[in-house]
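[1] After the sequence you'll find the predicted model.
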Amino acid sequence: MTRVPLLTDDEADELTKAFWDGCTELIGRVPNSMRVYGRVPKVAMWMLPFLASLQREGAGGRLDGRTKELVVLKTSLTNACEYCVTHNTSLGQATGITMAEIEVLDGDYAGSDVLSDRDKAVVRWAEAVTGNTADRDNEAFEALRQWFDDDEIVELTWLSAMFNMLNRVHDSLHLELEPHQEVNLIRRSARVPEEKVLAYVRTMVEIAEREQVAS
C-alpha cells in the first residue's frame, strides 16, 4: 500500500488540478506518482516541465526518445524500481525499443548482439551513473564520447541522475502500480512538442501569480 495516500480529484485545489491537466498533456495521464507529488503543488508544478523536457523527444532536449528510454530503463532496472520499470517498459516500446532489448538490459548487455555498440555505451554510462562510479570510470566515458557530443552527454547524465531520484522517491513511498491499461496511456507522450511545454508553463505562471496577489 502506498505510504502517502493519493490525492483525489475532490481534494485537489486549482493549482493541483492545473498541474494534473499538464500531466495529461505532457506525460499522457495522471499516474499515482503525480497524485502524490500534488501534495506539494508549488514544487511539483515546476518539476513537470523539467521532466517532460528532459525525457520526452521533441520537448527541449536533443536526443531521440529511444536513446532516452535506454537510459531510464537501465537506471530503473539497476535500482529495481518496479514502478518506473513498468511505466518505461511501455514508453520504451512506444519509442521503438523491443522487449528483447529491454530484457537484455538487466543481464549481460555488453556481450549481447541485440544492442548496438552505441546502445551499449549509453547503457554502460547509465549503469555507472546509477552505481556512482561514473566519476572514475574513464573507459565508460570515452566509449560514450565516440557516439555523443558534450551537450548530449550532459543530457544523458542528467536523465539517469533524475531517474535515480525518482526511483528512490517511488520506492520509499511504496507507490502502487496503476491498472495495465492506465499504465499504457504513457505511450501517448512518446513525443511531446516543445510548444506544449511552453503553454503549460504559461498557464502555471498565471495561476501562481493570481494566487500570490490573492494572498
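    Structure's in. What do you need?

[2] What distance do you get for residue 189 to residue 182?
    Using CB to CB, to the nearest Å, residue 189 is found at 13 Å from residue 182. (Glycine included, C-beta is placed from N, CA and C.)

[3] Please identify which of these two sits among more neighbours.
    Higher neighbour count among residue 189 and residue 182: residue 189, with 23 against 14, using other CB atoms under 10 Å.

[4] right, and that one touches residue 56 too?
    Yes: Residue 189 is within contact range of residue 56, at 6.0 Å (criterion: CB atoms under 8 Å).

[5] Need the residues touching each of those two.
    Taking CB atoms under 8 Å, 6 or more residues apart in numbering as the criterion, residue 189 and residue 56 both touch 26-27.

[6] Am I right that residue 123 is in a helix?
    Yes: with DSSP: H, G, I helix; E, B strand; the rest coil as the criterion, residue 123 is part of a helix.

[7] quick one, phi/psi of the nearest residue to it once chain neighbours are set aside?
    Among residues not flanking residue 123 along the chain, residue 74 sits closest, at 4.7 Å (CB to CB, 6 or more residues apart in numbering). Dihedral pair for residue 74: phi -60, psi -40, per degrees, to the nearest 10.

[8] Return the residues in contact with residue 74.
    Per CB under 8 Å, 6+ apart, neighbours of residue 74: 105, 109, 122-123, 126-127, 130, 160.

[9] try it again with 6 Å
    Neighbouring residues of residue 74 by CB atoms under 6 Å, 6 or more residues apart in numbering: 105, 123, 126-127.

[10] Of those residues, which is the most crowded?
    Neighbour max across the contacts of residue 74 (other CB under 10 Å) = residue 126, 29 neighbours.

[11] That residue and residue 73 touch, don't they?
    No: using CB atoms under 6 Å, residue 126 is not in contact with residue 73, being 8.4 Å away.

[12] Can you check the pLDDT for residue 183?
    With respect to pLDDT, residue 183 has a value of 97.

[13] got it, and residue 87?
    Confidence for residue 87, expressed as pLDDT, is 98.

[14] Do you have the helices of the protein handy? List them.
    14-27, 32-37, 41-55, 65-78, 82-94, 99-105, 117-130, 138-145, 150-172, 180-183, 194-214 (DSSP state H).
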